[in-house]
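Visitor: With the input below, show me the fold.
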Amino acid sequence: MVNLVDSFRNVFKIQELRTRLLFTALILVVVRIGAHVTLPGVDAILLAQAVKNQEQNTLFGLYDLFVGGAFQNAAVFALGIMPYISASIILQLLGAVVPYFQKLSKEGEEGRRKLTQLTRYGTVLVASLQAWGVSVRLLNLNVAGIPIVPEAVQGVAFTLSTVIFLTAGTIFMMWLGEQITERGIGNGISLIIFIGIIARFPHSIIDQFVVSQNIIIGTVLVAFMVAVVAGVVLVTQGTRRIPVQYAKRVVGRKVYGGVTQYIPMRVNTAGVMPIIFAQSIMFIPQTAVTFFPTSEWMQEAASYFQYTSVTYSVVYALMIIFFTYFYTAIAFNPKDVAENMQKQGGFIPGIRPGKHTSDYIDNILTKITLPGSVFLAIVAILPAFVSRFNVTPSFAQFFGGTSLLIMVGVALDTLQQLESHLLMRHYDGFMKSGKLKGRMR
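Guide: Residues are numbered from 1 along each chain as shown. The predicted model follows:
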């Protein structure tokens, strides 16, 4: 504990790191302010009444989770950074099946620059389409027959202005994320999503205390949450290291190679994406019901996909396991790893280069993905499980699922960024015990 406190003190002793932290904090403050600036033409008071008792277990609730309540507030940052994430995922999927994108991914820096530019264009397109959908939704919202968008404001002008403001807000947030990555502590896009999720945590704690009002229950819940977080950290950091040896090469008077390195294969290669994919599909029935409230057969069909039902949990878990394997196959290609290893003169001891190496890596990846996918499924259904024990839905989200995985993943990445800055200046990092090695230069 003392070493951890010393590490935090060391962070603020480094002027550059202190400046980067302050810059990151200011950018995140701007992000949170933008989440509360309501779009022009929307009655903020009526909007608050319209969404007060809105069902959160829908696609709208999932989207609002990522943008820190901005979607519910109909703010200029209502779309958040999600259109950029969607465009990135689409391009990544295209890279697995379209030869043109496969070629760009292998062209080094120039290829990455083109992919980044295409991602930005895709972000504008996705944001524009989603912004139009938001404008339609706002026009249909009302409180006791009173529309939240006054009739005098409704029309093409409102739709056009909404599309422009929301798209511009997404582009601005994308730029803010890039600034954090370049001039802050890194992981700009992830930090923006992180701050949106964590901003809901204090309100969730207050709501839970109002409901339970029991210190013993609160203590048990906190202890259980700590245990779940510890398990998520363990699995997130868990890797299987495959040894790789490189043949010795003599270039002039220097000898290269002859050392053993490792290929780190993560237990959870897919990250949080399987849960996002599965959750998006599972929320479709509940979302469809909101558009057809008078349809009895849709109401009955949606009852089987209630958030706390056993059917929902079983189907949800199976879909997560499927999407974990699916996304892992896209994110990690054993054939490319084997080819690059062979080009560099590397080989796995006891395994022939080429197809045998590819099959060996693929076999290991398949085996370690199974426990990772099962763990993801368990974590994903935990919120539905704890909600049966007088836990509010908003607080239950932090026991597992998308919220917890994103928070833990971003927190670990940020700590690693700080760790690298400390080690470069001869300070012990957060993940290493010991006394100060040296003084800042």
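
Visitor: State the distance from residue 356 to residue 80.
Guide: 46 Å (Cβ to Cβ, to the nearest Å). Where you see a C-beta, it was placed from the backbone N, CA and C, and this is true even at glycine.

Visitor: and the protein, what are its domains?
Guide: 1-199+402-441, 214-399 (automatic domain parsing).

Visitor: List just the one of those domains that sits closest to residue 205.
Guide: Comparing the domains of the chain by their distance to residue 205 (Cβ to Cβ), the top pick is domain 214-399, with 6.7 Å.

Visitor: hmm, back to that, looking at residue 356 and residue 80, which is more packed in?
Guide: residue 80 (28 against 14; other Cβ atoms under 10 Å).

Visitor: so the more buried one sits right up against residue 194, yeah?
Guide: No. Counting by Cβ atoms under 8 Å, residue 194 is not a contact partner of residue 80; they are 11.8 Å apart.

Visitor: got a list of contacts for the helix or strand residue 230 falls within?
Guide: Per DSSP states H and E, residue 230 falls inside helix 215-237. Here helix 215-237 makes contact (Cβ atoms under 8 Å, 6 or more residues apart in numbering) with 208-209, 212, 267-268, 372, 375, 379, 382, 386, 390-391, 395, 398-400, 404-405, 408-409, 412.

Visitor: so how far is it from its chain's centroid?
Guide: The chain centre lies 20 Å from the centre of helix 215-237; the measure is Cα atoms, centre = their mean, to the nearest Å.

Visitor: pull the CA atoms of it into CSV?
Guide: In CSV, the C-alpha atoms belonging to helix 215-237 read as follows (Å, rounded to 0.1, in the frame of the first residue of the first chain):
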residue,chain,number,x,y,z
ILE,A,215,-25.0,-1.2,6.2
ILE,A,216,-24.5,-5.0,6.4
ILE,A,217,-26.1,-5.5,3.0
GLY,A,218,-24.1,-2.6,1.6
THR,A,219,-20.8,-4.1,3.0
VAL,A,220,-21.6,-7.5,1.5
LEU,A,221,-22.3,-6.0,-1.9
VAL,A,222,-19.1,-4.0,-1.8
ALA,A,223,-17.1,-7.1,-0.9
PHE,A,224,-18.7,-9.1,-3.6
MET,A,225,-18.0,-6.3,-6.1
VAL,A,226,-14.3,-6.3,-5.1
ALA,A,227,-14.1,-10.0,-5.6
VAL,A,228,-15.6,-9.7,-9.1
VAL,A,229,-13.3,-6.9,-10.0
ALA,A,230,-10.3,-9.0,-8.9
GLY,A,231,-11.5,-11.9,-11.0
VAL,A,232,-11.9,-9.6,-14.1
VAL,A,233,-8.4,-8.2,-13.6
LEU,A,234,-6.9,-11.7,-13.3
VAL,A,235,-8.6,-12.9,-16.5
THR,A,236,-7.9,-9.6,-18.4
GLN,A,237,-4.2,-9.9,-17.6
